[in-house]
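[1] Output the structure for:
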Amino acid sequence: MPLLHALPFITYLLAGLLLTRYFVLDSVTNQHRTSVNLMLLIACSSHGYILFDLWQHDGVFFGLTVSMSFVAWVVATLLFLTSFSKPIHSLGILVYPLSAIAVIIAFLFPGTPGQASFYVDCSSCFSIYWRLRSSCNCCWPVSFIKHPRASLT
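    Numbering: from 1, shown residues only. As a prediction, this is how the structure comes out:
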């Protein structure tokens, strides 16, 4: 299992280092992009497989480190996919090493569902939101949102 976690860690770090090198040299060729994209494909797919495998056996659990790893995977994958259409490769210099760190932290401290986990009931969050919204009508970002029952009163 450690080898499976080492694969995205190493490839994320290598992709971040290669992107840094290519932007310092100012000479990015098609071959460079292909090698970075291949590494990112391996990193994102193996990272996704790790999360899928973790949730397949234990059920979906969002502990602190697993949530960090999931968010890092989503951001890294979206950056990888978006970089095909927009010139945002330089953002990978920061995102990919942070994703590598998130993979290792989730491996070292996986957490368990019964141990200091934080669950939030969505209905209570929405209830708090609507109460805050109704008590503060001066909030411009939320003032255009209508409560579902507002038309009944």
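[2] only C-alpha atoms for contact and neighbour calcs from this point on.
    OK.
[3] need the helices for the chain, in chain order.
    Ranges of helices in the chain, per DSSP state H, are 2-25, 30-58, 64-82, 92-108, 122-135.
[4] Make CSV from those and add mean pLDDT to it.
    Putting the helices of the chain into CSV (pLDDT from 0 to 100) gives the following:
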stretch, mean pLDDT
helix 2-25, 86
helix 30-58, 85
helix 64-82, 91
helix 92-108, 91
helix 122-135, 51
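[5] Let me know which of these is tucked in deepest.
    helix 92-108 (a mean of 21; mean count of other C-alpha atoms under 10 Å).
[6] List the contacts of that one.
    2, 5-6, 8-10, 12-13, 15-17, 19-20, 47, 65-66, 68-69, 72-73, 75-76, 79 (C-alpha atoms under 8 Å, 6 or more residues apart in numbering).
[7] again, but for stretch 44-51
    4, 5, 7, 8, 70, 73, 76, 77, 103.
[8] What distance do you get for the last one to residue 51?
    By that I understand residue 103. Going from residue 103 to residue 51 by C-alpha to C-alpha, to the nearest Å gives 10 Å.
[9] try the third one
    Per C-alpha to C-alpha, residue 7 is found 14 Å from residue 51.
[10] ditto for the fifth one
    Note on residue 70: its distance to residue 51, by C-alpha to C-alpha, is 7 Å.
[11] Then the second one?
    As for residue 5, its distance to residue 51 is 10 Å (criterion: C-alpha to C-alpha).
[12] likewise the first one?
    Taking C-alpha to C-alpha as the measure, residue 4 falls 11 Å from residue 51.
[13] Could you do the fourth one as well?
    Distance, residue 8 to residue 51, by C-alpha to C-alpha: 12 Å.
[14] Can you give me every residue that contacts the nearest residue to residue 83 once chain neighbours are set aside?
    The shortest distance from residue 83 to any non-neighbouring residue, by C-alpha to C-alpha, 6 or more residues apart in numbering, is to residue 89 (6.0 Å). Listed by C-alpha under 8 Å, 6+ apart, the contact partners of residue 89 are 19, 79, 83.
[15] I am finished for the moment; much appreciated.
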